[in-house]
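Visitor: Sequence plus the predicted model coming up.
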Amino acid sequence: MKLKYRQSSEKQVGRELFFLILSCSGGAGHIRAAEALHCTAPLTKLSIHTEHYDVLDFTSKLFKRLYSESYLQMVNRAPELWGYLYQQSEKKPYEKKGFIKSFDQLNYKRYLRTLRELNPDAIICTHFLPYISVSSILRKNSIIAPVFAVTTDFDIHQLWVDSIVDRYFVFHEESAWQLQSKQVPNEKIKVSGIPLMPEFQFKEKPRIARKELGIDTNRFTVMVLSGGFGIGRVKDIVEQTVKTLSTFKKN
């Protein structure tokens, strides 16, 4: 992946602040949230410049494939196992030991080098991996930019919690409560919602939208969402929705 490095501050006109937005393709929602921040930044008219990268692009191809695909495969084929691992990792703060610590130092070596070269004014993460992977050695590598976590899950898992994070931007008051229960100071938490693409600020008339999508403009329409990976029993959900709606009498 070819990076576009920003110019040094001496050569910049007006000294734009550079915000580095980092996500992880371990879930489509994390990527889309990062894209939403990146696309919204120019609309704010603030003196900032943003760039967005997937942290897995700076690791080995094998690791990227294993990390991004293991979640999908486990949820689809062994949801009980995924649930067990989720609950176990939720019980106590994440701590690297032994092999994992050594592996991460090697696996994220290119990532750390890139962070030094990009030299951002701030780092915004829509997934926990960009910071927990290097939190113990980030400052030792002369990377002093503050780290902000934009939590893109309704429930805040223990893996999101790390002392390297300066501020958490969460979806809801309940999300804030979950962080507080994990010993995160209230002053580090801001309820801001989940980032949305700029297009969502415009409301289109249903008939026009249906026409653009090739849907019968006069037909009652229900949209069923199941994330970027389509995880879940979508067919069962649709069938049950149709069955439920059919019980209502037409006006």
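Guide: Great, that's in hand. Residues are numbered from 1 along each chain as shown.
Visitor: what helix or strand does the nearest residue to residue 186 once chain neighbours are set aside sit in?
Guide: Leaving aside its chain neighbours, residue 186 sits nearest to residue 180 (6.0 Å; criterion: C-beta to C-beta, 6 or more residues apart in numbering). Just so you know, the C-beta spots here come from the backbone N, C-alpha and C atoms, and that holds for glycine as well. Secondary-structure assignment from DSSP states H and E places residue 180 in helix 173-181.
Visitor: I figured residue 190 hits residue 165, correct?
Guide: No. The criterion here is C-beta atoms under 8 Å, and residue 190 misses it with residue 165 at 11.8 Å.
Visitor: Of those two, which one has the most company?
Guide: residue 165 (21 against 13; other C-beta atoms under 10 Å).
Visitor: Can you give me the distance of the more buried one to residue 156?
Guide: Plainly put, residue 165 is 12 Å away from residue 156 if you go by C-beta to C-beta, to the nearest Å.
Visitor: How about residue 32?
Guide: On the measure of C-beta to C-beta, residue 32 and residue 156 end up 18 Å apart.
Visitor: between those two, which one's more packed in?
Guide: residue 156 (27 against 19).
Visitor: Could you look up the SS state of residue 224?
Guide: Using DSSP: H, G, I helix; E, B strand; the rest coil, the secondary structure recorded for residue 224 is coil.
Visitor: and it, what are its phi and psi?
Guide: Main-chain torsions, residue 224, degrees, to the nearest 10: phi -110, psi 120.
Visitor: what are the ranges of the helices in the stretch 101-250 of the chain?
Guide: Along the stretch 101-250 of the chain, counting by DSSP state H, counting those that start in this stretch, helices occupy 109-118, 129-132, 173-181, 206-212, 234-245.
Visitor: winner for burial among these?
Guide: Most buried of the helices of the stretch 101-250 of the chain by mean neighbour count (mean count of other C-beta atoms under 10 Å) is helix 129-132; its value is a mean of 23.
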